[in-house]
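Chemist: Predicted model follows, preceded by the sequence.
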Amino acid sequence: MTNPKPTEGELAILRVIWDRGPSTVREIHDVLGRTGYTTILKLLQIMTEKGLVTRDETGRTHVYRARRSQAQTQRQLIRDLVTRAFDGSAAKLVMQALATKRATPAELQQIQRLIDRSTRGRAD
């Protein structure tokens with residue numbers, strides 16, 4: 001797959017790897033707790049096949065690394081969502097997001113800075 005989309009369970013595992021760095025099945029299991037060890041192992045095998053993670057088999061225990069950064073994965077998921085649910089309109093996505101959950105003043109300032117930066121970039 002060129003751009004595999006992670007499932008909810010796969011995203012939970014990726015979040016652990018992004019937070020902790022390269023991790024073994026046991027380390028991921030320790031963080032996720034409620035998810036069974038064999039379930040995590042099976043998901044990691046699937047994720048390896050899909051190209052979401054790489055597996056280092058040189059040591060006694062296998063170590064898994066995310067193939068793409070958290071930001072890259074988030075951008076891919078947002079692109080897909082914008083295309084499928086919002087007819088390609090980023091504005092519709094942002095308006096719906098802001099209507100769904102109230103933004104803090106700090107978040108609104110950050111959004112405004114991004115808008116300003118984007119506007120300046122187009123004017124240059």
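Modeler: Yep, that arrived. Residues are numbered from 1 along each chain as shown.
Chemist: Quick check: mean pLDDT of the lengthiest helix in the chain?
Modeler: If each helix of the chain is counted by residues according to DSSP state H, the longest one is helix 105-123. For helix 105-123, the mean pLDDT works out to 87.
Chemist: same thing with stretch 4-11?
Modeler: When pLDDT is averaged over stretch 4-11, the result is 94.
Chemist: Start and end of it, how far apart?
Modeler: Criterion Cα to Cα, to the nearest Å; first-to-last residue distance in stretch 4-11 is 12 Å.
Chemist: For the longest helix of the chain, give me every contacting residue.
Modeler: Among residues not part of helix 105-123, those counted as contacts by Cβ atoms under 8 Å, 6 or more residues apart in numbering are 94, 103. Quick note: C-beta positions are derived from backbone N, CA and C, even for glycine.
Chemist: and residue 67, how far is that from residue 47?
Modeler: For residue 67, the distance to residue 47 (Cβ to Cβ, to the nearest Å) stands at 9 Å.
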